[in-house]
Each structure stands twice: as structure tokens, then as C-alpha cells.
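Visitor: fold the stuff below for me.
(chains A and B)
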There are 2 protein chains.
Amino acid sequence: MDDVLIIGTVALDTIETPFGKVEKGIGGSATYASYAASFFSKPAVISVIGHDFPKEYIELLEKRGINLDGLKVHDKTFHWDGYYEYDMNEAKTRKTELNSLANFKADVPENYKEIKYIFLANIDPEQQLETIKQIKNPKFIVLDTMNFWISSKKKSLLDVIKKVDVLLLNDGEARQLFGTISLVKAANEALCLGPKAVIIKKGEHGALLFTKNKHFNAPGYPLENIKDPTGCGDCFGGAFIGYLAKTNDLSESNFRKAIIYGSVIASHNAEDFGLNRLKSLTMNDIEKRYKEFQAIREF
Amino acid sequence: MDDVLIIGTVALDTIETPFGKVEKGIGGSATYASYAASFFSKPAVISVIGHDFPKEYIELLEKRGINLDGLKVHDKTFHWDGYYEYDMNEAKTRKTELNSLANFKADVPENYKEIKYIFLANIDPEQQLETIKQIKNPKFIVLDTMNFWISSKKKSLLDVIKKVDVLLLNDGEARQLFGTISLVKAANEALCLGPKAVIIKKGEHGALLFTKNKHFNAPGYPLENIKDPTGCGDCFGGAFIGYLAKTNDLSESNFRKAIIYGSVIASHNAEDFGLNRLKSLTMNDIEKRYKEFQAIREF
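Guide: Predicted coordinates:
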């Protein structure tokens, strides 16, 4: 059986960074998340593409054993056109063409309904809620989101947060959602809403895990060259839940390991455009970098 | 014998943060650095104050066993007037009155000249160079600086960098000095100039240590309330060299411990204005937080 259900976007991304440009490459939160999760477990995707979505991109996902039964085909594919400036910290949007995503309704296929590990990757919070409703007996739900939904659908987003085990968001989003500069305060407010854990992603500065009485600080990996940070947050989330599903251990100490695996995949992802780096990534590469994460933390 | 020589500023600081205001409180790089170092070793300060410098501030330093033989009195005390906005990341300057600092020449008293551990805290790089020249046989020199000197005296600053064992600077300064967004590249360029180690301070995001073949990532401490970050970088540097002088162990692994002690003192310093928090800090508090630093990075 497939062991991680992932709802999110499957997109065509046009991306420009100081190191190059890609026109309509494969992208989307469910794409990156499922690809990252596939190193540890069997992901099953819920999303929508258009008739223009290249077959070779589908094959790329299928080759990784990703179940695409929940991938609808309708109209044109969601297209994001954006760029990064020199500091690479923040994606700037040139154009967003929702296309088939505009009227997307999450339908969970019958063969997904028993899946225990659910990743609500970045997508409309109303469709994240729809997805939860259709799952029979979820064991563990992780939620990711982004600033766009905090601005436009905060109420629905708060409803989803109340129903999940782990909330994942970046530092800017945590500050925006809870109206405080202090990440500690933002995390504590998030924990009061229901989740057992809050993970704050900080890009090159690593990630923070907050649970009721504990705190974990994951290092950022010292990358000399970052080519394209697109999808790093989705990779982080996908690898995080993929590792947890594989080990089926939801202790705080296993969360920490899962965060490091998330950081390992995300740091590799930034080394090239789109899925280019992950396409050639091996479990050896992953374990090697995991050990480096240990070494840079010893004192 | 005193075991750490510290040259830097002793100042009166007028500081406003979203959490309060202090008029002409005790400040300056040598003040914070020597106070922090005094938890581990005996600091000896080189600096200048004016006749307006309150006696009680002098007593505050003397009570910690800080040697002030190298503290000249002339004219009025250097006065910095600045503020922090909501995000507390960057000090904004309202007014800088150099006063006695304008014509300050570093004179190393005879009884300081055999000191082995030297901290060139933030001050004019020409006076940092002067100080090095007068020391008989230094064993270990740490250099701190700031954006102001990178802009105004880059050549002198590069000359100092070539003569020191450890370069300390924050992330923005590293990027400014070496003209690259990548901290890894900036650190590598700095190492090529001569220092055996480069430490990049990142405020709430912790600190990075780069040596020839190794990298260490020190976590930031998750402070819920930051009242005043002034002097945190100086505290970090002072505690770092103070701990190294105390242990007299210059291995990379001891650098890592010294960085954590630096982070411990700096994180406490941010909890209140001026030296208020450090005044009541005990070795018990320090060891307790050191253990917390260990716990938050275990995986």
C-alpha cells in the first residue's frame, strides 16, 4: 500500500535566478514533496494538471514509484513565473496563471482512503480541509502553507491548523500569521491551536522545532553555491513525513531525525534547477550529508 | 597576571528599543567584551573615556576584576545614540559623538605587554594595528570589526586581518567585505588572508565557524523576549576569548565550546538593557544555558 498521501500543486514553473533560467520546468508543491518523500516511502498524489503537461514529467514521477491515481487532467497546467534576486531568500512572482487549479476540487481516490500519513502541501486551505474529511482514519497529518493563503484565506487556514499534528511554515509566515516578531511566541500560539509540533523553516539558517516543552534547532547546511531554491520547503516537508512514515515512530526524537533528512534533501535540491539534482540523488548521498549535519553540530 | 588584553571603546549609549529607553548608559565594545570575558578570565582594557564618565560605571568594571590601567581619561566620553525598530536585527544610529575617541592613540601599558591573548574589539583598525605592534609575544589574536570600518578604512582593516588568528564578523559584514552573498565563499576568502578561523555571527540564527577543512554551526538560543541586543556581538567575542584563555586550548573542538559560551553570554545580555542582565548573571546560569544549547541540537 502507498504510505504517504500528498495533496498539493503540480505545476509548470518558469524560474530565473542569477545562475540561469528555466522555461516551464516541472514544479509544484506536490511534485517536490512527493519526489522527496519517495526516497523513504511510497507517496500518492492528489492534484490537477492540464493537457499541456509533458509526458516526460509524468514519467519522471512514475519512475520514482509515485502513485498518480489522484492526478486529474483538465484545461491547462497551473503556471508560476517568478525570479530570485541576488540574495535568493525570497521568490518574486512575475505571473501566476491558475488555469486548471482555479476550479480544483480535492477528490481522494478510493485506494488512497486508508493511507495513515497525510501531507497537506501548499495549496488552497479549503481543499486541504476537503482532503482530511475524505480520509478514513488518518494517523498523522502535516500541514504546509504560504503567505498567499495567510493573506487571502486566514480563517480556513486556522481551521486546518486545528486539525493537524504538525504545522510547517517559514519564519516570515509565522510572524505574519501570529502578528509577532518573536518566533518563540508565534510557535507557542500555534501550539495552542492544536498541533503537537510546529516547525519553522528558515532557509539557509536551518529549521526550528517547537513542541510543548522542548525545542530543537536544526542547522542550515553551508552550501557554497545555490542555483535555485524553488521547492526546498516542499522537499523538506515531503522528506520529513516520508521518513516518519517509513520508520512509523512519532516520538519527538524521531521528529528531529526527520527534520535533518528534510534538510538534507532540501539542501541538495537547491544545488540545481527544478528536479535536476534530485534526479541523480542516491541514498548514499543522503546518508553522507546526514553525517555531515551531525559533524557540524558537535561540541 | 591579567590574561586577556582587550582594546575597544568604552562609551555612553543612549538606546531606544520597542521595550524601553536608556539615556547615557554604560556601553562600548571593550566594556561588553571585558565584562563577558571576566566570567572566565582576567581582562585588561585599553580605551579612553571622558571626564563625564560616571564613577559608578568604573566601579562596575573594577568589581569584576577588570584591569583599567590602560583606560585614559580625556575630554568627553564617546557617545552613541541609536535605536532598534520592531525586528531588533539592526541598530540604527541617531547620533555619534566621537569626543575623546576622535584623537585616541592606543598605548599599551608596560604591565599589559606580556599578555598572550588579545582581543581587538570593534574600534578604528589603525589603533588595532598599533596595539598588536606593542605586544611582545602574543599567542592568540581575535579581531572584531563593523560595517563602519569596512566602508571607511578597508585597507587598514585588511592589514589587521592578515595578522590575526581569528576573524569575527556578522553575516552582513562578511558579505559586504568580500562582495559575495555566499557566507561560505566569504569565509573561504577570509581564510586565504591568513586567519586560522573565521566566525560569522548571525544574531538569533546563531554563529558559524569556518576553519580550513571544518565547519561548525552553533545554534541560536530561542529567546522569547529580547529587550536590547546592544553589545551582544562584543559579549560573544569577549566570552569566546575569555574561555580560550582560561582553558589555554586552541584546538578546533575547544573553539566550538568557546563559541557556545560566547552565545550563552550574548543571549543573556539581550534580555535586558546595557549590562543589567550580566550584572546578576552567575556561573550557574551560564552552565545551565550551556546545557540547554546541548539539548536543543541533539538528534
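Visitor: quick one: contacts for A:D3?
Guide: Shown in contact with A:D3 (C-beta atoms under 8 Å, 6 or more residues apart in numbering or on different chains): A:41-43, A:115-117, A:245-246. Every C-beta, even on glycine, is put in place using the N, C-alpha and C of the backbone.
Visitor: what's the helix or strand for the closest residue to chain B within the stretch 51-200 of chain A?
Guide: Using C-beta to the nearest C-beta, A:V184 is the residue of the stretch 51-200 of chain A that sits closest to chain B, at 4.2 Å. Applying DSSP states H and E as the criterion places A:V184 in helix A:183-192.
Visitor: pull out the buried positions in that helix.
Guide: Residues of helix A:183-192 classed as buried under the neighbour-count rule (16 or more other C-beta atoms under 10 Å in any protein chain shown) are A:183-191.
Visitor: what is the most widely separated pair among those residues?
Guide: Of all pairs drawn from the buried residues of helix A:183-192, the greatest distance, 12.4 Å, lies between A:L183 and A:L191 (C-beta to C-beta).
Visitor: picking up where we left off before, top of the contacts of A:D3 by neighbour count?
Guide: Most neighbours among the contacts of A:D3, by other C-beta atoms under 10 Å in any protein chain shown: A:P43, with 30 neighbours.
Visitor: can stretch A:193-206 be said to contact chain B?
Guide: Yes. Residues of stretch A:193-206 contacting chain B under C-beta under 8 Å from any C-beta of the partner chain: A:202, A:204-206.
Visitor: oh sorry, the question was meant for stretch A:69-83
Guide: No. Stretch A:69-83 is not in contact with chain B by C-beta under 8 Å from any C-beta; minimum separation 15.2 Å.
Visitor: so how far does that stretch reach from one end to the other?
Guide: 32 Å (C-alpha to C-alpha, to the nearest Å).
Visitor: which of the residues in it are buried?
Guide: Of the residues in stretch A:69-83, A:70-72, A:75-82 count as buried by neighbour count, 16+ other C-beta under 10 Å.
Visitor: and if you look at stretch A:217-230?
Guide: Quick answer for stretch A:217-230 (16+ other C-beta under 10 Å): A:217-223, A:226-230.
Visitor: possible to save these as a markdown table with pLDDT, secondary structure and distance to chain B?
Guide: Shown next, in a markdown table, are the buried residues of stretch A:217-230 (pLDDT from 0 to 100; DSSP: H, G, I helix; E, B strand; the rest coil; distance: C-beta to the nearest C-beta, whole Å):
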| residue | pLDDT | secondary structure | distance to chain B |
| --- | --- | --- | --- |
| A:N217 | 98 | strand | 4 |
| A:A218 | 98 | strand | 7 |
| A:P219 | 97 | coil | 4 |
| A:G220 | 96 | coil | 7 |
| A:Y221 | 96 | coil | 9 |
| A:P222 | 94 | coil | 5 |
| A:L223 | 92 | coil | 7 |
| A:I226 | 91 | coil | 8 |
| A:K227 | 94 | coil | 12 |
| A:D228 | 95 | coil | 14 |
| A:P229 | 95 | coil | 12 |
| A:T230 | 96 | coil | 17 |
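Visitor: just the closest of the residues of stretch A:193-206 next to chain B to A:A270, please.
Guide: After measuring the residues of stretch A:193-206 next to chain B against A:A270 - C-beta to C-beta - the closest member comes out as A:E204, at 8.9 Å.
Visitor: how many neighbouring residues does the closest one have?
Guide: Other residues near A:E204 number 23, with proximity taken as other C-beta under 10 Å.
Visitor: same question, A:T247
Guide: 15.
Visitor: that one: what's it in contact with?
Guide: Counting by C-beta under 8 Å, 6+ apart, A:T247 touches A:254, A:257-258.
Visitor: returning to that earlier point: out of the buried residues of helix A:183-192, the closest to B:F210 would be?
Guide: For the buried residues of helix A:183-192, the nearest to B:F210 is A:L183 (25.6 Å; C-beta to C-beta).
Visitor: show the contacting residues for the closest one.
Guide: Per C-beta under 8 Å, 6+ apart, neighbours of A:L183: A:171, A:174-175, A:200, A:208, B:204, B:222.
Visitor: pretty sure A:I135 is touching A:I7, no?
Guide: No. Applying C-beta atoms under 8 Å as the test, A:I135 and A:I7 come out as separate, 10.2 Å apart.
Visitor: quick one: which of those two has more around it?
Guide: Higher neighbour count among A:I135 and A:I7: A:I7, with 28 against 17, using other C-beta under 10 Å.
Visitor: got a list of what that one touches?
Guide: A:30, A:45-47, A:70, A:106, A:118-121, A:123, A:127-128, A:131.
Visitor: export these to TSV and tack on pLDDT and secondary structure?
Guide: Listed next are the contacts of A:I7 as TSV, based on pLDDT from 0 to 100; DSSP: H, G, I helix; E, B strand; the rest coil:
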residue	pLDDT	secondary structure
A:A30	98	helix
A:V45	98	strand
A:I46	98	strand
A:S47	98	strand
A:G70	98	strand
A:A106	97	coil
A:I118	98	strand
A:F119	98	strand
A:L120	98	strand
A:A121	98	coil
A:I123	97	coil
A:Q127	98	helix
A:Q128	98	helix
A:T131	98	helix
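Visitor: show me just the buried residues among the residues you listed.
Guide: A:30, A:45-47, A:70, A:106, A:118-121, A:123, A:127-128, A:131.
Visitor: for A:C232, give its distance to A:N170.
Guide: 10 Å (C-beta to C-beta, to the nearest Å).
Visitor: kindly report the same for A:S34.
Guide: In this view, A:S34 and A:N170 are 20 Å apart by C-beta to C-beta.
Visitor: just send the residues of stretch A:193-206 next to chain B back as JSON lines, with pLDDT and secondary structure too.
Guide: Below are those laid out as JSON lines (pLDDT from 0 to 100; three-state DSSP):
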{"residue": "A:K202", "pLDDT": "95", "secondary structure": "coil"}
{"residue": "A:E204", "pLDDT": "92", "secondary structure": "helix"}
{"residue": "A:H205", "pLDDT": "95", "secondary structure": "helix"}
{"residue": "A:G206", "pLDDT": "97", "secondary structure": "coil"}
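Visitor: what parts of chain A come near chain B?
Guide: A:86-88, A:181-185, A:188, A:202, A:204-206, A:208, A:210, A:214-220, A:222-226, A:253, A:256-257, A:259-260, A:294-299.
Visitor: for the strand or helix carrying A:K24, enumerate the helices and strands it packs against.
Guide: In the assignment (DSSP H and E), A:K24 maps to strand A:20-27. Packed against strand A:20-27, as judged by 3 or more C-beta pairs under 8 Å, 6 or more residues apart in numbering or on different chains; DSSP states H and E, are the following elements: strand A:11-17.
Visitor: quick one, the strand it packs on and strand A:20-27 angle?
Guide: If you take axes from the mean of the first three to the mean of the last three C-alpha atoms, to 10 degrees, strand A:11-17 sits at 160 degrees to strand A:20-27.
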